[in-house]
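**Student:** whatever this is, show me its structure:
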Amino acid sequence: MILVFDSLAEANNSLMRILEANNLPAQAAMSTDETLQHIFTYKYKLLILRADAFEGSDAQEVLRVMNNNPNVKDTPVLLITPSSIKQKIKFETYTGLWLDCLFGDYSTDFLIFKIKSIQDRQEYIAGLYHDNRFLKDELQKTKMTEAAKEEFISIAGHELSTPITSINAYLQLALRNANSQNIEQTIQLLSKGLNQINKLNRLAKDLLDSSRLQAGKMEYNFAVFNCRDFLRQTIENVRHSYPDRQINVNCNTKVWLEGDQERLEQVLTNYLTNALKYSPTSTEVLVYTEIIDKKWLKVCVKDRGQGIPREKQPYIFHKYYRVSDEKHKHQGLGMGLFICAQIISHHKGKFGLESEPGKGSIFYFMLPIKATKEKTEGLTTSFPKRSAFSSSNLNK
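**Tutor:** Have a look, this model is predicted:
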């Protein structure tokens with residue numbers, strides 16, 4: 001919208017007719033106060049001021065007020081004046097305004113050309129500002145990513161060196177005990193060393209999976225499988241690693257799913273190990289399932305830990321993200337839940353969490369049901385080989 005102001009009503013109306021004839025939306029103001037009120041209230045693409053005598057005119061007053069107010073300095077102004085006051089205008093100081101002048105006689109075509117040139121310039125400048133903001137935002141994101149990577153490298157070094165140091169110590173002690181024929185203690189030390197090796201193996205697996213996801217080379221082997229068998233097998237495997245912890249199961253669901261069972265076991269294992277690590281050893285972890293809208297199987301893992309602050313929950317499934325809290329002593333690489341999210345997304349599923357500080361957390365994922373117990377006839381339960389999918393298809 002263009003705002004037009006000339007204290008002479010006839011001149012004002014003439015300008016309005018010219019603009020309307022050229023499909024340029026415009027609004028007229030009839031006084032200095034009205035002009036300033038409009039300028040401070042609305043965002044105009046252009047202000048056109050016309051004055052036969054500039055010195056002491058209403059147009060000069062409008063420019064003076066605008067020049068001293070930073071809120072309206074970015075509104076472009078076209079001042080139309082007779083040629084006789086060109087020199088006076090030239091030396092006026094309006095350094096804070098986008099001010100263009102049109103002196104003397106002019107044709108209608110030239111006026112329209114001038115107006116459109118000013119508008120094109122403003123659009124170009126606005127585009128530059130937008131690009132500049134975009135580049136600044138991208139630069140900030142890059143800096144944050146680089147900082148996260150540096151922190152990740154530092155944590156990864158610590159996470160990898162800790163079990164290596166432990167393995168070295170256990171093996172040295174086991175060797176001494178073996179020489180002294182203390183078989184029982186040697187077995188215990190070797191068992192501890194094996195646990196640390198398993199930890200290294202999990203860390204290496206997360207690193208490899210993250211790399212494959214980044215390169216779009218994560219492989220999936222889809223097949224139809226029984227939900228209850230999948231849950232039972234995964235939970236039993238976790239129980240072997242946490243023999244002193246209580247994992248309860250409430251699952252009477254008799255449905256079949258289609259997907260990569262090994263990858264989905266990886267997701268559930270991650271949920272379970274996190275629940276066990278971040279909750280008191282005296283508390284239980286519950287695994288239960290729900291059928292949603294007869295189309296989705298929802299698998300939930302509930303713990304009685306400290307919970308996750310609400311402001312941190314949106315970032316839990318982000319790459320490299322870790323909850324920085326003294327109550328959470330287990331650092332990790334910040335990739336486990338990110339990998340879980342990508343696996344579930346590739347299965348066209350959903351994932352999320354519900355948590356309240358001091359009351360624990362529920363991590364869940366939802367998968368489309370392939371069939372129920374009554375509709376399993378003719379299901380194909382295996383596929384010939386693994387195939388690689390581009391990571392660009394993960395969220396489709």
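**Student:** ok, which stretches of the stretch 201-350 of the chain are strands?
**Tutor:** 219-220, 223-226, 247-250, 255-259, 285-292, 296-302, 350-355 (DSSP state E, counting those that start in this stretch).
**Student:** the stretch 51-200 of the chain now?
**Tutor:** According to DSSP E, counting those that start in this stretch, the strands that the stretch 51-200 of the chain contains are 77-81, 99-103.
**Student:** quick one: buried residues of the lengthiest strand in the chain?
**Tutor:** The single longest strand within the chain, with elements called by DSSP state E, is strand 361-372. Residues of strand 361-372 classed as buried by neighbour count (16 or more other CB atoms under 10 Å): S361, I362, F363, Y364, F365, M366, L367, I369, K370, A371. Every C-beta, even on glycine, is put in place using the N, C-alpha and C of the backbone.
**Student:** for D293, see how far away the fifth one is.
**Tutor:** Translated: F365. As judged by CB to CB, to the nearest Å, F365 and D293 stand 16 Å apart.
**Student:** try the second one
**Tutor:** For I362, the distance to D293 equals 19 Å [CB to CB].
**Student:** ok so, going back, mean pLDDT for the strands of the stretch 201-350 of the chain: which is lowest?
**Tutor:** Of all these, strand 219-220 carries the lowest average pLDDT, namely a mean of 88.
**Student:** give me every residue that touches S31.
**Tutor:** Counting by CB atoms under 8 Å, 6 or more residues apart in numbering, S31 touches S7, D58.
**Student:** quick one: neighbours of P76, just the number.
**Tutor:** Using other CB atoms under 10 Å, P76 is surrounded by 20 other residues.
**Student:** that one and I118 touch, don't they?
**Tutor:** Yes. Counting by CB atoms under 8 Å, I118 is a contact partner of P76 at 5.3 Å.
**Student:** what do these two both touch?
**Tutor:** Common neighbours of P76 and I118, counting by CB under 8 Å, 6+ apart, are L46, W98, D100.
**Student:** how near is the closest residue to C340 other than its chain neighbours to F103?
**Tutor:** Take C340 and drop its neighbours on the chain: the residue closest to it by CB to CB, 6 or more residues apart in numbering is V267, 4.4 Å away. To F103, V267 is 74 Å away according to CB to CB.
**Student:** same check on R17?
**Tutor:** Computed as CB to CB, the R17 to F103 distance reads 22 Å.
**Student:** same question for R239.
**Tutor:** Using CB to CB, R239 is found at 89 Å from F103.
**Student:** how about T145?
**Tutor:** Taking CB to CB, one finds T145 at 54 Å from F103.
**Student:** and the strands of the stretch 51-200 of the chain as a markdown table, adding mean pLDDT?
**Tutor:** Shown next, in a markdown table, are those (pLDDT from 0 to 100):
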| stretch | mean pLDDT |
| --- | --- |
| strand 77-81 | 78 |
| strand 99-103 | 74 |
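**Student:** figure out which of those strands is closest to V255.
**Tutor:** Among the strands of the stretch 51-200 of the chain, strand 77-81 comes nearest to V255, with 69.8 Å by CB to CB.
**Student:** against which helices or strands is the closest one packed?
**Tutor:** Contacts defined by 3 or more CB pairs under 8 Å, 6 or more residues apart in numbering; DSSP states H and E place strand 77-81 against strand 46-50, helix 58-67, strand 99-103, helix 108-179.
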